[in-house]
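J.: just the structure for this:
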Amino acid sequence: MGTFESLNMETSEAIKMKASENLIERAPEIKNKRVYLIIPFAAVAFAELLIYSGRELEAIIMHALILLGLSFSTMFIRNEEIQKTYQALILLPILRLVDLSMPFFYEEKLYNLIFIYGLMAIPVSIAATNQGFTGAQLGITFKKIGIYIPFSIVLGLLLGTVEYLIVGENPLINDLSILNLLGLTMIMIFLVSPVEEMIFRSILQNRLEIVLGGREALIITSILFGLMHSGYGNIIEILYISFVGALLGFLFYRTRSLPLVALIHGFINVFFFGIIPLL
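T.: Got it, this is the predicted structure:
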């Protein structure tokens with residue numbers, strides 16, 4: 001209880017004001033802004049449902065079309081906020097295309113993640129810079145990290161256990177040797193989760209907050225986060241990950257801490273992909 005209270009010592013408004021006075025205040029009035037957003041959102045959802053139904057080739061084609069459509073649209077749309085929102089959304093088809101087209105260089109899927117997320121770090125860093133957010137807005141701060149680490153381990157264990165009960169065994173390592181566990185932890189904590197959380201929370205949620213407001217930004221980002229886990233072919237998993245995305249989004253909204261949400265995400269993966277199935 002004391003840990004959770006410490007997460008909420010400052011209101012989201014105060015945190016945002018410290019990060020940048022114009023994060024919410026400069027939100028523009030855009031006519032028909034939802035029309036500009038509903039089309040790419042629906043297209044990404046449709047592409048992920050193709051993966052859910054086992055039609056990966058069609059999904060690859062659809063994501064490629066989304067990538068081209070969003071890229072070319074930024075050339076013709078004059079509104080800067082819609083342009084930057086499209087730039088943020090471009091990261092989703094890129095992530096999926098890299099994921100689906102990456103050959104298996106190693107027998108163990110774990111090491112494929114180095115190639116996938118190592119490559120994704122490049123467009124993510126470019127997009128984060130181009131969005132014009134400050135480091136504080138992106139959540140790049142290590143304030144309260146001493147509290148966040150144990151909190152993240154406990155919450156990661158709880159959320160990872162629930163995901164294991166939904167999906168079943170899906171280990172990325174062969175045993176719980178120190179070397180395997182260290183490799184899994186390093187890849188998940190310092191590569192996979194920071195890149196994904198930078199995409200969904202630091203970039204996309206921040207941008208949608210400006211265009212649509214905090215509540216709609218949280219809902220849309222959470223749904224997209226859940227849909228991007230459609231590869232399991234399990235609707236309960238999609239719904240559950242949407243809930244996890246909402247929780248992470250809420251914590252990011254309240255704390256503006258990328259390390260917090262990245263640690264929670266990373267420890268969920270460590271427990272789900274390694275420790276729990278091999279106990």
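J.: and the residue nearest to M228 when sequence neighbours are not counted, how many neighbours?
T.: Nearest residue to M228, sequence neighbours excluded (C-beta to C-beta, 6 or more residues apart in numbering): E48, at 6.3 Å. For the C-beta atoms, the positions are set from N, CA and C on the backbone; glycine is no exception. By other C-beta atoms under 10 Å, 23 other residues sit near E48.
J.: next, work out how far apart E48 and I66 are.
T.: Applying C-beta to C-beta, to the nearest Å, the value for E48 to I66 is 11 Å.
J.: try L158
T.: Counting by C-beta to C-beta - L158 and I66 are separated by 34 Å.
J.: off-centre distance for the longest helix along the chain?
T.: Looking across the chain with DSSP state H, the single longest helix is helix 145-167. Relative to the chain's own centre, helix 145-167 is displaced by 16 Å; criterion: C-alpha atoms, centre = their mean, to the nearest Å.
J.: for stretch 96-115, same thing?
T.: That offset, for stretch 96-115, works out to 18 Å (C-alpha atoms, centre = their mean).
J.: now it: average pLDDT?
T.: Summarised as a single mean, pLDDT over stretch 96-115 is 76.
J.: neighbouring contacts of it?
T.: When contacts are defined by C-beta atoms under 8 Å, 6 or more residues apart in numbering, stretch 96-115 is touched by residues 47-48, 51, 56, 59-60, 63-64, 67, 116, 119-120, 172-174, 183-184, 187, 191-192, 228, 273.
J.: one more pass at 6 Å, please.
T.: Here stretch 96-115 makes contact (C-beta atoms under 6 Å, 6 or more residues apart in numbering) with 60, 63, 116, 119, 172, 187, 192.
J.: can you give me the end-to-end span of it?
T.: Chord length of stretch 96-115, first to last residue, is 13 Å (C-alpha to C-alpha, to the nearest Å).
J.: any regions of the stretch 1-150 of the chain where pLDDT drops low?
T.: 1-31, 103-108 (pLDDT under 70).
J.: what packs against the strand or helix carrying L224?
T.: Using DSSP states H and E, L224 sits in helix 214-227. Contacts defined by 3 or more C-beta pairs under 6 Å, 6 or more residues apart in numbering; DSSP states H and E place helix 214-227 against helix 206-212, helix 235-255.
J.: sorry, back to before: and the contacts of stretch 96-115, which is closest to E163?
T.: Closest approach to E163 among the contacts of stretch 96-115 (C-beta to C-beta): L172, at 13.5 Å.
J.: so what pLDDT did the closest one get?
T.: So, for L172, pLDDT stands at 92.
J.: against S73, how distant is I140?
T.: Between I140 and S73 the computed distance is 29 Å (C-beta to C-beta).
J.: over to G156?
T.: Distance from G156 to S73, by C-beta to C-beta: 37 Å.
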